[in-house]
Structure formats: C-alpha cells, structure tokens
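> No letters, just coordinates:
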Ligand code: KIV
Ligand code: NA
C-alpha cells in the first residue's frame, strides 16, 4: 500500500499515529521507508543539516528539487512531501503555483509544505489545492521567519493561541491535508488537533497531535545543534569518527589494503 494525503486523513479518524521524519538523499530515504516511516519530508532544514548553512533561508528551489528527487528514488511506500523554500511562494499566487508545480513535476514528491497561516498565504494555499496540488500547512514556530521571530516557542499568550487556532481552521478551509505544529504548548496543540478533521503533525508540540515529526539528522546524532524537544536515537557521529580514524590508522600503518 502506498501512503497518500487521503491515507493520513483516514489515519486521524482511526487514531493511528502518523510517523514522519525528514530525509535529504536516497540512502536515508530508503532506510526510513524500509523502517515503515509513513511520511518523509524533504524539509528545508536540509540547508542546515546537509548543506552547512546557519538557517533555512539560503536554500534554493533548485536545491530542494535536486534533493527531493534523490529522496523519491529511494522511496516505495511513504508519502514524500517537499518544503517550498523561503521566497519561492510568498510573492504571489503565480509564483507559488510555478514553484509547487516544478516540485511535483520534476522531483516526484506528492505534496508541498508551506509555512504560515496569515490571510495572504491561506489564499495562496487555497489556489494551489484547487489546482490539485496537495499542501501541508506549517504554523507555530516557522523557521523561515527566524529573523523576525527567532526560534522561540509560539502560542504562549492567549492572543497568540487564539490566532494559531484561527490559522489552523483557515488552513483546513483552504484545503490542506495536514498541518505541522512546531514548538507550541502541548495543551494548545491538543485543542487545535481536536478541532480539525485533517491531521496535525507535531514537533515540540506535545503528545496529543495526530502524528510526530523530527529532523532525522537530530535523531541520528548528525547535527551540530538540536532543539531541546528533539531526541537522539543513535550516535552516527561517533560511528563515522571511529570508522574514519580506524581507516586512517590502517592506511598509515600499512595494514590496509592487504596483499
Ligand atoms: O524543514 C524541516 O525539517 C521541517 C520539519 C522540522 C517540520 O519543516
Ligand atoms: Na521546514
């Protein structure tokens, strides 16, 4: 069975948690798909975890398509969604349509994710979904707004919480198939999740979302800095260091290659 946007909506109704992780290349994507991860996000966090940038802003649409097509070549079952990067959709509906269209046509991803829930972005998303493009929303901490908002938790005041509730409902009305809730209080995420018919995917948003997502480099121990709400499940940095050191020693001591 192949996972589709509709599958995620059905799983919310069945209360089956939606397991999501990020990927940026073919082998990582293949392993996540083999492990049964339901949705694989080609997040623009790849700017930081794979390309060495200090935040997500510099990554281009070309680069996102390049990485998304590599991810799609490794995936058989999971739903692959690709982030639209900073300033590839904010300018106008037609810019967003062109960018999302290129992602779907050139990479093989079957949905795009767009940050924000303010009126202009909701209008853009409505136009995309009407055109047949599956869109995932993303509200709360939106890393593309780092220069304006920082990486602070969002939705802590009553006013902010009310605004996020309204944005979630407006995004659902605009036709998104799912919404990422990033770094907001758990009780707010729970109340948004309860009000929506489309699934919420939480990251730093507590246990009551319909699914969870983390940045794969963080869970594997490959990031230089991880957010406090992440969890490390492996330490690949240590594995890579010791493999490279062992190889270096063997070459220097003449042990590798053998006769
Ligand atoms: O870019 C990314 O990895 C993301 C997820 C953390 C939701 O947007
Ligand atoms: Na992102």
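Yep, it's here. Just so we're clear, the structure is a prediction, and the values are computed from it rather than from any experiment. Ligands and ions are numbered 1, 2, ... in the order given.
> Show me how far stretch 180-197 is from its chain's centre.
Between the mean C-alpha location of stretch 180-197 and the chain-wide mean there is a distance of 17 Å, by CA atoms, centre = their mean, to the nearest Å.
> is ligand 2 contacted by that stretch?
No - for stretch 180-197, no contact with ligand 2 is found by CB under 5 Å from the ion; the gap never falls below 8.1 Å. Yep, even glycine has a C-beta here, placed from its N, CA and C like the rest.
> how long is that stretch from one end to the other?
Taking CA to CA, to the nearest Å, the span from the opening residue of stretch 180-197 to its closing residue is 14 Å.
> Could you do stretch 41-57 as well?
Stretch 41-57 has an end-to-end distance of 17 Å (criterion: CA to CA).
> Could you check that stretch and say which residues are buried?
Residues of stretch 41-57 classed as buried under the neighbour-count rule (16 or more other CB atoms under 10 Å) are 41-50, 55-57.
> Tabulate those (TSV), appending pLDDT, distance to residue 17 and secondary structure.
Formatted as TSV, the entries for these read as follows, by pLDDT from 0 to 100; distance: CB to CB, whole Å; DSSP: H, G, I helix; E, B strand; the rest coil:
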residue	pLDDT	distance to residue 17	secondary structure
41	99	16	strand
42	99	21	strand
43	98	19	coil
44	98	24	coil
45	98	22	coil
46	98	24	helix
47	98	28	helix
48	98	26	helix
49	97	24	helix
50	98	27	coil
55	98	30	coil
56	98	26	coil
57	98	31	coil
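> Make a markdown table from those residues and add distance to ligand 2 to it.
Shown next, in a markdown table, are the buried residues of stretch 41-57 (distance: CB to the ion, whole Å):
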| residue | distance to ligand 2 |
| --- | --- |
| 41 | 7 |
| 42 | 9 |
| 43 | 4 |
| 44 | 4 |
| 45 | 5 |
| 46 | 9 |
| 47 | 9 |
| 48 | 10 |
| 49 | 11 |
| 50 | 13 |
| 55 | 11 |
| 56 | 6 |
| 57 | 11 |
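> so who does the residue of the chain at minimum distance from ligand 1 touch?
Nearest residue of the chain to ligand 1 (CB to the nearest ligand atom) works out as residue 43 at 2.3 Å. By CB atoms under 8 Å, 6 or more residues apart in numbering, residue 43 lies in contact with 22, 83, 113, 215.
> try residue 44
In this structure, residue 44 makes contact with 56, 59, 64, 83, 85-86, 143-144, judged by CB under 8 Å, 6+ apart.
> Apart from its neighbours in sequence, what residue is nearest residue 5?
Ranked by CB to CB, 6 or more residues apart in numbering and with sequence neighbours excluded, the top spatial neighbour of residue 5 is residue 177, at 3.6 Å.
> That neighbour: neighbour count?
Residue 177 sits with 21 neighbouring residues when counted by other CB atoms under 10 Å.
> Ok, residue 239 next?
Residue 239 is surrounded by 12 other residues when neighbours are defined as other CB under 10 Å.
> Dihedrals phi and psi, it?
Residue 239 adopts backbone torsions of phi -60, psi -40, taken as degrees, to the nearest 10.
> any idea how far ligand 2 is from it?
With distances defined as CB to the ion, to the nearest Å, the gap from residue 239 to ligand 2 amounts to 26 Å.
> Equivalent analysis for residue 162, please.
In this structure, residue 162 and ligand 2 are 25 Å apart, going by CB to the ion.
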